[in-house]
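Engineer: My questions concern the predicted model and sequence given below.
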Amino acid sequence: MRLHLDAEKCQGHNRCYALAPELFDVDDYGQAVLLVEGDLPTELQEKARLVAANCPEFAIKVLED
Amino acid sequence: MTDTVTQDNEVPEGQRRLRANAEDVIFGMSPEGTHVWQRVPYDAAHYGPVSDFATDFDHADPAYNPSAPEVWKQLREGGCPVAHSDRYGGMWVPLTHDTVHEVAYDTEHFTSRAVVVSVGRPGDLALPAPIGGAPPITSDPPFHAMARRLLLPAFAPKQIEPWEPEVRKLCNELLDRMGDLTPGESIVDAAVQYAQHIPVNVIGRMLGFPSKDEDLFRRFVHDALERIAEEPGTRDGMDDLGNYIADQIDDHRANPRDDLTSYLLNIEIEGQKVSDDIAGGMIILLLIAGIDTTWSAIGSSLWHLAQHPEDHQRLLDEPDVMTFALEEFLRAYAPVTMARLVAKDHDFHGCPMKQDDWVLLPFPAANRDPLKFEDPDTFIVDRKENRHAAFGLGIHRCIGSNLARLELKVAIEEFVRRFPRFELAGDVRWSVGQIRGPRELPVRILAVAD
Ligand code: HEM
Ligand code: SF4
């Protein structure tokens, strides 16, 4: 399972950073920065689904392989 | 692009168009006989109370805010995804998440030039699109992004987090000020004695304005957001606001300090210092945008807790639930409805929208759309999936959202900690207009923490 962030869609609601600082950081403008690359370890997968389901702009996608 | 900006730079340095005098053209200035405001053909007296919200919608009907969730539900269930009204010269109201989302994203057909519905639309002499009177909220692309980028860093999460201790201290001071309370007897007004003071103090400090002016700021907010049926040009409080900001600008120019006002006086767009009109418009926006919005969110949340001791208890027993509860308060009691003007004639899902019609953007209604939220009219304190739109959608996402969340979270935490039990103790008075929240909220204190 992987995470994808669409930077064009992100408007900086910061829901992802608040819910999962281990997966997302924010830059100086409050825009999301994805911290993980490639396959997600099992223990982070539930968190990943949670953030994707809470982004108001539909900017985060979970890619199930 | 540059042209529209530099045009304003022709004002000689030091000259403040913000200051109210006859010929000036600024946000807040609305002299009759100029074209700053264009009076819309609407006489509130001819209409009276709303009888059918589907065809005669009026968010400023005093009956609307107290029962808005029922109004949205009835309209949706009656098969009306977009309501209409002849009031205010013509107004449309999308009510589903999809239609609200679509309008918020479509900056070509919908302009932000005016975001508060009133009997006046900005006329030819108002600050022109795409800038508008209070950038970036009144701006459209492409200017919008430039103005917004200047403000974003000041409100990014890592800039806001350090304010937490100060907000906590402020909340505790307000609670202390309620004096000695007798559990089971004492009644306090959670809106008047608590909620309304929090955002006004915080933003005043950030802007570097004297805290004694708190009452004045609340009056400015009232003039800007609630007196929407009064004649343009007669809302003289708006002139006072322009004058007040001009005085603050003078003072900050003479004594620069480390606050948002000094920062905004030095910002540049495309290598040009921005005019006082633009900087002043931004300051006004920051002053107005965060006050009764956040105050309403705090008030509604406490109103909910006063009636739901089980949710209150859960917050006390499991403080971590706040992560989800905070978003659920924002979803269920979203305080902010915005507006747009139709930029050009447009068929919107069969609705014949005409240029200059108003479109309300009720983010609070989108948040209760059953197609997007399970059991939307139930408050679920630990709702896990919550893609709510309380802070808007698309390019105008609330710049103050991190600050608003901090204030809301701390205000609730400190109130429930100090008063482990409280209940409603009388009639709640709701605001009138686009910002929805309790303005009077009497609660009886049933327990006080030692
Ligand atoms: C719970 C409290 C708040 C809520 C629910 C709220 C809601 C909103 C919404 C829905 C918008 C979108 C406007 C649109 O689409 O036209 C917005 C914009 C904005 N808000 Fe807030 N707001 C809150 C508090 C604050 C605070 C505390 C500040 C700052 C001090 C603030 C500053 C702004 C600014 C500057 C914009 C304009 C952004 C732009 O146009 O790019 N807000 N807010
Ligand atoms: S929640 Fe969505 S919009 Fe908000 S910062 Fe994260 S990715 Fe961006």
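Structural biologist: Here it is on my side, so go on. Ligands and ions are numbered 1, 2, ... in the order given.
Engineer: What number of neighbouring residues does the residue lying closest to residue A:60 once chain neighbours are set aside come out with?
Structural biologist: Excluding its sequence neighbours, the residue lying closest to residue A:60 (Cβ to Cβ, 6 or more residues apart in numbering or on different chains) is residue A:52, at 4.5 Å. Where you see a C-beta, it was placed from the backbone N, CA and C, and this is true even at glycine. Number of residues near residue A:52 (other Cβ atoms under 10 Å in any protein chain shown) recorded here: 20.
Engineer: give the contact list for residue A:52.
Structural biologist: A:3, A:60-62 (Cβ atoms under 8 Å, 6 or more residues apart in numbering or on different chains).
Engineer: Please give me every residue in contact with residue B:407.
Structural biologist: Residue B:407 touches B:167, B:198-199, B:202, B:294, B:298, counting by Cβ under 8 Å, 6+ apart.
Engineer: Which one of these is nearest to residue B:361?
Structural biologist: Nearest to residue B:361 among the contacts of residue B:407 is residue B:294, at 18.7 Å by Cβ to Cβ.
Engineer: Over to the closest one. Which of the three states is it?
Structural biologist: Of the three states, residue B:294 takes helix according to DSSP: H, G, I helix; E, B strand; the rest coil.
Engineer: on that earlier part again, now restrict the contacts of residue B:407 to buried residues only.
Structural biologist: Neighbour-count burial (16 or more other Cβ atoms under 10 Å in any protein chain shown) applied to these gives B:167, B:198-199, B:202, B:294, B:298.
Engineer: Dump the residues you listed into TSV; add distance to residue B:116 as well.
Structural biologist: What follows is the buried ones among the contacts of residue B:407, written out as TSV (distance: Cβ to Cβ, whole Å):
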residue	distance to residue B:116
B:167	27
B:198	23
B:199	18
B:202	22
B:294	17
B:298	21
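Engineer: what residues does chain A put near chain B?
Structural biologist: Proximity of chain A to chain B (Cβ under 8 Å from any Cβ of the partner chain) is limited to residues A:11-15, A:17-19, A:26-30, A:50, A:53-58.
Engineer: Can you flag which of the residues you listed belong to helices?
Structural biologist: A:15, A:17-19, A:50 (DSSP state H).
Engineer: circling back to that earlier point, now, among the buried ones among the contacts of residue B:407, which is nearest to ligand 2?
Structural biologist: Checking the buried ones among the contacts of residue B:407 against ligand 2 by Cβ to the nearest ligand atom gives residue B:294 as the nearest, at 19.3 Å.
Engineer: what are the phi and psi angles of the residue in the stretch 201-350 of chain B positioned nearest to ligand 1?
Structural biologist: Residue nearest to ligand 1 within the stretch 201-350 of chain B (Cβ to the nearest ligand atom): residue B:290, separated by 2.8 Å. As for residue B:290, its main-chain torsions (degrees, to the nearest 10) stand at phi -100, psi -10.
Engineer: What residues does it make contact with?
Structural biologist: Counting by Cβ under 8 Å, 6+ apart, residue B:290 has contacts B:199, B:202-203, B:400, B:403-404.
Engineer: Which of the three states applies to residue B:50?
Structural biologist: Under three-state DSSP, residue B:50 comes out as coil.
Engineer: what sits against it?
Structural biologist: Applying Cβ under 8 Å, 6+ apart to residue B:50 gives the contacts B:56-58, B:61, B:63-64.
Engineer: Just the buried ones among those, please.
Structural biologist: B:56-58, B:61, B:64.
Engineer: State the phi and psi torsions of residue B:442.
Structural biologist: phi -70, psi 130.
Engineer: and the spatially closest residue to it that is not a sequence neighbour, how many neighbours?
Structural biologist: Excluding the flanking residues, the one nearest residue B:442 by Cβ to Cβ, 6+ apart is residue B:426, at 4.1 Å. Neighbours of residue B:426 under the rule other Cβ under 10 Å: 12.
Engineer: contacting residues for residue B:198?
Structural biologist: The neighbourhood of residue B:198, defined by Cβ under 8 Å, 6+ apart, consists of B:167, B:170-171, B:174, B:294-295, B:298, B:407, B:411.
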